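Colleague: just coords:
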């Protein structure tokens, strides 16, 4: 493989302060580590890497701003992203921002090898061309894919962000606990201590909030709203809705269809969700 490409691995994890580069990266790159609390621009200048990797668990606002700033300042350096968040919208943003690649963790060797091949071609071409200024990008990461849970316990940030992105799907507590680096038992206890509700109850309330907004703002039918947010049992959905909002979803739907005023209090506040 010849001399390895010099890679500056920039850790933008929100939950693991001691995250390490995937071992597979060291098979292809000479890796230097930069933590998010360091002066990243200075490290870039000192290290003068061939390639930069921004490593996210889940994107937050501070991390996304750092990526945008580094791409603006060092537009000639090829950069790519690794993340635990598999989002088409995030991938589109990455490529529009002229990132060389977007890899989802855990890294697959065939994907990394493909990425390495592209980076190796770029680095080889740059050596023959001297300094070359790449076109700059002013793409801003969409707010819809940036975690809004940064004000909470950072150890639980991946859980909150995962629910934001996957509430329509089946969510397993064991899987979410693993994202937070905890056992299922410890995760459940920490979550309950922090937010005073069980994680499963949080997921139900989050889905109820989204269903409420669909019925109120989009005039969705009760059935459409229930299935759209992840409920598979309309009877259960209606019971939970009545329990938390003190009204049935059909009553809300009838009020909206009839043009009647709907209570202005935020469904987030009614449900006592820990994020807004």
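Modeller: Yep, it's here. Predicted, not measured: the structure shown is a model, and the values here were computed from it.
Colleague: what's the pLDDT at residue 145?
Modeller: Predicted confidence (pLDDT) for residue 145: 53.
Colleague: what does the one 4 residues further on give?
Modeller: Note for residue 149: predicted pLDDT of 48.
Colleague: which is the succeeding secondary structure element to the worst-scoring helix or strand of the chain on mean pLDDT?
Modeller: Each helix and strand of the chain was given a mean pLDDT (mean pLDDT, DSSP states H and E); the minimum falls on helix 88-96 at a mean of 79. As assigned by DSSP states H and E, the chain's next helix or strand after helix 88-96 is strand 101-104.
Colleague: so where's the stretch 151-276 of the chain shaky on pLDDT?
Modeller: 151-154, 258-265, 275-276 (pLDDT under 70).
Colleague: where do the helices sit along it?
Modeller: Assigned by DSSP state H, counting those that start in this stretch, the stretch 151-276 of the chain shows helices spanning 157-166, 173-179, 184-195, 199-218, 222-228, 234-245, 249-257, 267-271.
Colleague: okay, these, which one's buried deepest?
Modeller: helix 157-166 (a mean of 22; mean count of other Cβ atoms under 10 Å). Where you see a C-beta, it was placed from the backbone N, CA and C, and this is true even at glycine.
Colleague: tell me how far that helix lies from the chain's centre.
Modeller: Remark: helix 157-166 is offset 7 Å from the chain centroid, using Cα atoms, centre = their mean, to the nearest Å.
Colleague: what residue lies at the spatial centre of this structure?
Modeller: Note on the chain: the residue nearest the mean C-alpha position is residue 58, at 3.6 Å, using Cα atoms, centre = their mean.
Colleague: sec struct for it, please.
Modeller: At residue 58, secondary structure determined by DSSP: H, G, I helix; E, B strand; the rest coil is coil.
Colleague: from residue 171, how far off is it?
Modeller: 15 Å (Cβ to Cβ, to the nearest Å).
Colleague: next one: residue 40
Modeller: 34 Å.
Colleague: likewise residue 66?
Modeller: Taking Cβ to Cβ, one finds residue 66 at 29 Å from residue 171.
Colleague: same thing with residue 254?
Modeller: Residue 254 is 31 Å from residue 171, by Cβ to Cβ.
Colleague: likewise residue 73?
Modeller: For residue 73, the distance to residue 171 - Cβ to Cβ - is 39 Å.
Colleague: of those two, which one has the most company?
Modeller: residue 171 (19 against 13; other Cβ atoms under 10 Å).
Colleague: OK, contacts around the more buried one?
Modeller: Each residue near residue 171 by Cβ atoms under 8 Å, 6 or more residues apart in numbering is listed here: 162, 163, 203, 230.
Colleague: need those residues in a markdown table (columns: distance to residue 13).
Modeller: Shown next, in a markdown table, are the contacts of residue 171 (distance: Cβ to Cβ, whole Å):
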| residue | distance to residue 13 |
| --- | --- |
| 162 | 14 |
| 163 | 18 |
| 203 | 23 |
| 230 | 27 |
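Colleague: ok, the residues you listed vs residue 108, which is closest?
Modeller: For the contacts of residue 171, the residue nearest residue 108 by Cβ to Cβ is residue 162; the value is 20.5 Å.
Colleague: just confirm that closest one contacts residue 176, I think it does.
Modeller: Yes: counting by Cβ atoms under 8 Å, residue 162 touches residue 176, with 5.6 Å between them.
Colleague: for the stretch 1-150 of the chain, give me the ranges with low pLDDT.
Modeller: Those would be 1-2, 15-17, 128-150, if you go by pLDDT under 70 across the stretch 1-150 of the chain.
Colleague: tell me which stretches of it form helices.
Modeller: 40-47, 61-73, 88-96, 109-129.
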